[in-house]
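Q: sharing a sequence plus its predicted fold:
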Amino acid sequence: MTDISPESSPGGPGDERIPDDLSSLFEGLTPEKRDRLEKSARDAVRGTRAGMADATTGTPRDIPVAAPEAGGLVFDDDGQEHDGLPAPLPQSADSDGWHWKHAFPAGTFDSAAWAHRKKVFLHKLAWHAGHTHVYAWQMTRLSSIGVAAGARDAWHYYTAQEYADMVDTARRKKMNPDIIAALREERTEAARGRRREPMLVGGVTAVLTVIAAAVAVAQVYGLLAASPAAMLTLGVLSALGLREHHRRNPDTSLSAAFNVPASSLADHAPLTDDLLNRVLRTAKVFTKDEHQITLLEPIRPAEINGVEAKFKLPDDIQVSKLIEKKEAIAGALDIEGHWLDIKQDGSPTRVSFWYCTSDPFGQPRVSPLVQEPEQQDVWNRGILIGFNRRGLPVHLKLRHVMALLGGMSRTGKGMLLRNLICGLGLDPRVNLRLVAGAKPGEHRGYAPICSTFFGRRPDRLIDLLEGFLREAYRRESVLEDQGRAKFGEKDLADFPLEILIIDEYKQYANSSMRIPDPSDEDGKRTIKACDRIAELLEEIAAFAAALNMTVLISTQDPDANTVPRGYKSNTGARAATRTGGAIQTNAILKDGATGAGLRAHEIPESLKGGAIVDIDGAPGELIRSYFIEDEEFDGAADLIAAGIELRRELGRAPGQFEDHIENYLVAVTGESSLAGGPTGSGRPAPATHAGGVGTLVKVSILELLLDAIDADADRITMADVRAYLTDHDPEKWGQRDGEADATYTARVGKLLAADIEEALEGTGAELTAKTGMRFGKGPDGREIKGSGFHRKDIEAAVKAARNAHK
């Protein structure tokens with residue numbers, strides 16, 4: 001890291017020299033401010049790659065803290081504007097010069113590298129200490145071999161056995177008896193001479209003296225006092241035994257005599273180059289004896305009990321082979337597949353290898369925005385949606401791109417969307433429009449930041465898409481006049497980023513509603529609303545992305561035909577939570593995604609909020625969404641409040657600026673969905689009743705009844721009506737404590753009848769619940785009968801009430 005020091009001379013005319021002593025700058029600070037400044041400095045230093053704190057503002061750490069948010073992943077997309085490279089900053093002369101640390105190998109002064117070395121050393125120490133009994137037994141065995149070998153060699157020398165071997169050979173060859181007799185006589189003389197040799201006599205005397213002394217010390221002072229001599233004797237005998245072992249097994253290493261496996265073979269041993277080589281051989285990545293890795297830098301600890309190694313593969317092996325063998329490598333490391341991350345680090349033979357010994361997604365993380373809501377930058381940085389297996393934050397840009405999100409029910413789509421919507425709300429340059437195909441109530445909290453928000457109503461979605469398309473053509477004409485291809489960040493003031501999110505799109509794709517065919521001038525022919533919606537989406541996706549206009553579709557359990565093909569082929573950002581199979585995975589990500597390793601259907605069920613994101617065909621990244629509380633309390637409320645306050649200050653809150661799309665909706669339907677309508681629940685209201693920002697007006701009971709009916713249903717039971725009204729206003733429509741079911745049903749029936757009568761007063765229309773209605777068959781196969789309302793009767797009452805108020 002380059003040291004930045006004050007200039008010793010002015011940098012230009014009028015500049016004053018910066019003093020070397022900066023303590024005077026802090027004289028006016030209170031102790032509290034000094035403490036905060038010191039803490040900020042320490043955190044900043046600890047966030048550096050080396051992890052070594054400054055001598056005066058921090059403390060050395062064995063394992064560096066997680067990288068700051070700025071180091072996170074920002075998924076970009078092709079075909080977008082990219083800022084040019086910044087001009088290089090002037091460097092001081094010292095930064096280009098030689099430093100004494102350069103004389104040492106890389107990593108010599110890296111605290112993170114030393115932390116890993118320490119871990120490896122302690123592991124080896126513990127490993128060998130745990131095998132002390134094995135070493136003791138092997139030394140005893142080697143000592144016995146040494147005793148036998150020493151006694152044999154001593155006897156061989158003492159009795160001149162080499163002559164005996166020659167005599168035996170001569171006798172077998174039936175040589176002259178005189179020669180044999182001469183050899184025997186020579187052996188006798190040699191043995192007699194050896195028995196008088198000073199070295200032999202001295203050696204035997206020394207050995208016997210040591211043994212006698214050890215026995216005497218043990219007898220007088222105990223075995224502990226004699227242990228040094230015993231250990232010395234044991235060591236000498238073990239050395240003799242080791243020599244004999246090597247003589248018997250010349251092709252094996254000396255360490256094989258102890259028969260103890262290497263410490264790198266232990267479960268969850270610290271990562272070393274030896275362990276990497278063994279793992280890659282086990283996984284059949286390395287198939288030749290000469291294959292081995294070359295570390296490019298010291299192995300370092302990483303976040304979430306992880307470790308990272310950067311190394312170079314042999315020239316005939318590429319990173320793609322490691323990625324292909326990822327499951328086998330994980331098996332050799334005895335970890336799960338998603339605990340391992342392998343990436344190319346430059347050339348195809350350079351690898352960034354990361355893994356951890358515990359589940360990197362095991363603990364959910366609360367979104368950092370919950371603690372510190374701050375303005376977001378959708379254009380350059382993207383929206384914070386989650387973190388990857390390395391613990392780094394993941395951002396998603398939604399500029400010049402169409403997006404698709406899908407997966408099974410209850411797999412985390414809603415939480416991923418929750419992070420995205422909250423982040424979009426914190427960028428006032430975004431006009432957010434939210435449409436819910438089902439359960440609009442769960443999105444009610446987002447209404448204040450939405451320029452348009454409504455639920456169900458396929459016909460209204462068609463009107464919205466037509467208004468969206470109309471705005472796209474308007475923007476395109478501006479570009480045509482200016483001779484440009486696309487809008488950029490500098491155009492956001494005049495052409496804000498329009499983002500339309502369609503949640504539960506499958507409800508619209510399966511809708512049976514029919515609408516007049518726009519191509520039929522006579523107005524007699526009808527078409528399915530779902531076909532018109534798909535047609536509009538494909539047309540928008542074909543060209544609108546370059547106009548600062550984005551559509552994001554979120555759908556559940558899609559098949560190959562759920563998402564319009566023309567739209568999907570133009571999506572540059574895709575995310576899939578856990579799916580039910582390969583067909584659903586390919587329907588969300590791309591054709592052939594499963595074969596490319598993007599297997600969202602294999603995301604563990606235990607990984608709540610897990611998703612595979614795929615940006616413009618890049619290899620998929622497994623992430624986990626940040627958590628924003630949605631059950632115990634509304635964890636997004638503060639984020640939405642911060643977003644609306646920020647927008648109001650800048651005149652960018654819904655209703656504070658000219659909205660061409662919402663104005664088009666009002667013009668063709670007479671109703672406004674601004675900020676979710678008057679109650680923020682996603683129910684459109686007549687434009688004359690919509691009011692300004694934050695205005696609340698009473699919603700007619702008739703509209704509540706209409707909203708309660710499912711999009712494809714033509715009737716609704718009274719039980720479902722009561723349940724829906726209870727969700728809307730529990731105090732008025734909910735069952736009270738101790739209230740009998742019959743009493744509750746009668747009370748709600750009277751209240752409902754009174755409200756309907758009030759809503760239809762002066763219209764001449766009537767609406768009453770019908771009895772004996774049929775609602776299909778239940779799970780037991782029996783016909784369900786009861787009281788309820790027909791959709792056509794409710795729609796007629798709503799129409800009568802609206803006509804009366806015109």
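A: Done, it's in.
Q: domain map for this structure?
A: Following automatic domain parsing, one finds the domains of the chain at 32-61, 132-257, 268-356, 368-649, 700-804.
Q: possible to save these as a markdown table with mean neighbour count?
A: To be clear about C-beta, it is placed using only N, CA and C from the backbone, and glycine gets the same treatment. A markdown table is the format used below for the domains of the chain (neighbours: other Cβ atoms under 10 Å):
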| stretch | mean neighbour count |
| --- | --- |
| domain 32-61 | 14 |
| domain 132-257 | 14 |
| domain 268-356 | 17 |
| domain 368-649 | 20 |
| domain 700-804 | 15 |
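Q: tell me which of those sits nearest to Lys118.
A: domain 268-356 (9.6 Å; Cβ to Cβ).
Q: which one is His601 nearest to, not counting chain neighbours?
A: Computed as Cβ to Cβ, 6 or more residues apart in numbering, the closest residue to His601 that is not its neighbour in sequence is Thr579, at 4.6 Å.
Q: what distance do you get for that neighbour to Gly595?
A: Separation of Thr579 from Gly595 (Cβ to Cβ, to the nearest Å) stands at 15 Å.
Q: let me know the secondary structure of the residue sitting furthest away from the middle of the chain.
A: Most distant from the centre of the chain: Asp178, at 91.9 Å, with distances by Cα atoms, centre = their mean. Under DSSP: H, G, I helix; E, B strand; the rest coil, Asp178 falls in the helix class.
Q: tell me, what's the model's pLDDT at it?
A: With respect to pLDDT, Asp178 scores 79.
Q: from Gly655, how far out is it?
A: In terms of Cβ to Cβ, Asp178 sits 130 Å off from Gly655.
Q: next one: Leu295
A: Distance from Leu295 to Gly655, by Cβ to Cβ: 61 Å.
Q: one more: Thr745?
A: In terms of Cβ to Cβ, Thr745 sits 41 Å off from Gly655.
Q: find the residue closest to the residue nearest the centre of the chain in space, skipping its chain neighbours.
A: The chain has Asn388 as the residue nearest its centroid, 2.0 Å off, counting by Cα atoms, centre = their mean. Nearest residue to Asn388, sequence neighbours excluded (Cβ to Cβ, 6+ apart): Ile623, at 5.1 Å.
Q: wait, what's in contact with the one you found?
A: Ile385, Gly386, Phe387, Asn388, Arg389, Val394, Gly610, Ala611, Ile612, Val613 (Cβ atoms under 8 Å, 6 or more residues apart in numbering).
Q: let's see that with 10 Å instead.
A: 73, 75, 361, 385-389, 392-394, 396, 416, 575, 609-613 (Cβ atoms under 10 Å, 6 or more residues apart in numbering).
Q: and Ser519, what element?
A: Assessed by DSSP states H and E, Ser519 sits outside every helix and strand.
Q: which of the contacts of Ile623 fall within strands?
A: Judged by DSSP state E, the subset of the contacts of Ile623 located in strands is 73, 75, 385-388, 393-394, 396, 575, 610-613.
Q: which one in the residues you listed is the model shakiest on?
A: Note: of the ones in strands among the contacts of Ile623, the lowest pLDDT belongs to Phe75, at 43.
Q: was I right to think Thr585 contacts Glu602?
A: Yes - the pair Thr585 and Glu602 qualifies as a contact (Cβ atoms under 10 Å) at a distance of 8.7 Å.
Q: parallel or antiparallel, list what pairs with the strand or helix carrying the residue nearest to Asn388.
A: Using DSSP H and E, Ile623 sits in strand 621-625. In the sheet, strand 621-625 lines up against strand 383-388 (antiparallel), strand 610-615 (antiparallel) (DSSP bridges).
Q: in a markdown table: those, plus distance to Asn249.
A: What follows is the strands paired with strand 621-625, written out as a markdown table (distance: least, Cβ to Cβ, whole Å):
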| stretch | distance to Asn249 |
| --- | --- |
| strand 383-388 | 50 |
| strand 610-615 | 52 |
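Q: ok, which of the ones you listed comes nearest Asp729?
A: So among the strands paired with strand 621-625, strand 383-388 is nearest, using Cβ to Cβ, at 33.9 Å.
Q: distance from that closest one to the middle of the chain?
A: 7 Å (Cα atoms, centre = their mean, to the nearest Å).
Q: can you check stretch 628-648 too?
A: 24 Å.
Q: now do the strands in the stretch 551-700 of the chain.
A: Remark: strands assigned in the stretch 551-700 of the chain by DSSP state E, counting those that start in this stretch are 571-577, 610-615, 621-625, 671-672, 685-686.
Q: who wins for proximity to Thr30 among the ones you listed?
A: Going by Cβ to Cβ, the one of the strands of the stretch 551-700 of the chain nearest Thr30 is strand 621-625, 40.7 Å.
Q: any chance of the domains of the chain in CSV, plus distance to Val668?
A: Below are these laid out as CSV (distance: least, Cβ to Cβ, whole Å):
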stretch, distance to Val668
domain 32-61, 53
domain 132-257, 84
domain 268-356, 49
domain 368-649, 5
domain 700-804, 15
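Q: His116 is nearest to which of those?
A: domain 268-356 (5.1 Å).
Q: mean confidence (pLDDT) on the closest one, please.
A: What domain 268-356 shows for mean pLDDT is 89.
Q: just stretch 37-53 next, same as before
A: 55.
Q: hang on, Gly406 is in a strand, isn't it?
A: Yes - per three-state DSSP, Gly406 lies within a strand segment.
Q: not counting sequence-adjacent ones, nearest residue to it?
A: Ile588 is the one closest to Gly406 (Cβ to Cβ, 6+ apart), at 3.9 Å.
Q: measure the one you found to Leu416 for me?
A: Applying Cβ to Cβ to Ile588 and Leu416 gives a distance of 12 Å.
Q: how about Lys486?
A: When Lys486 is compared with Leu416 (using Cβ to Cβ), they lie 27 Å apart.
Q: how near is Phe633 to Ala587?
A: Going from Phe633 to Ala587 by Cβ to Cβ gives 35 Å.
Q: also Leu622?
A: Counting by Cβ to Cβ, the separation of Leu622 from Ala587 is 19 Å.
Q: how about the strands in the stretch 401-550 of the chain?
A: With DSSP E, counting those that start in this stretch as the criterion, the stretch 401-550 of the chain has strands spanning 402-407, 430-436, 450-455, 497-503, 514-516, 526-528, 549-556.
Q: which residues of the stretch 151-300 of the chain score low on pLDDT?
A: 158, 200, 223-227, 229-230, 254-268 (pLDDT under 70).
Q: overlap in contacts, Ile588 and Leu416.
A: The contact sets of Ile588 and Leu416 overlap at Leu405, Gly407, Ala575, Thr577, Ala611 (Cβ under 10 Å, 6+ apart).
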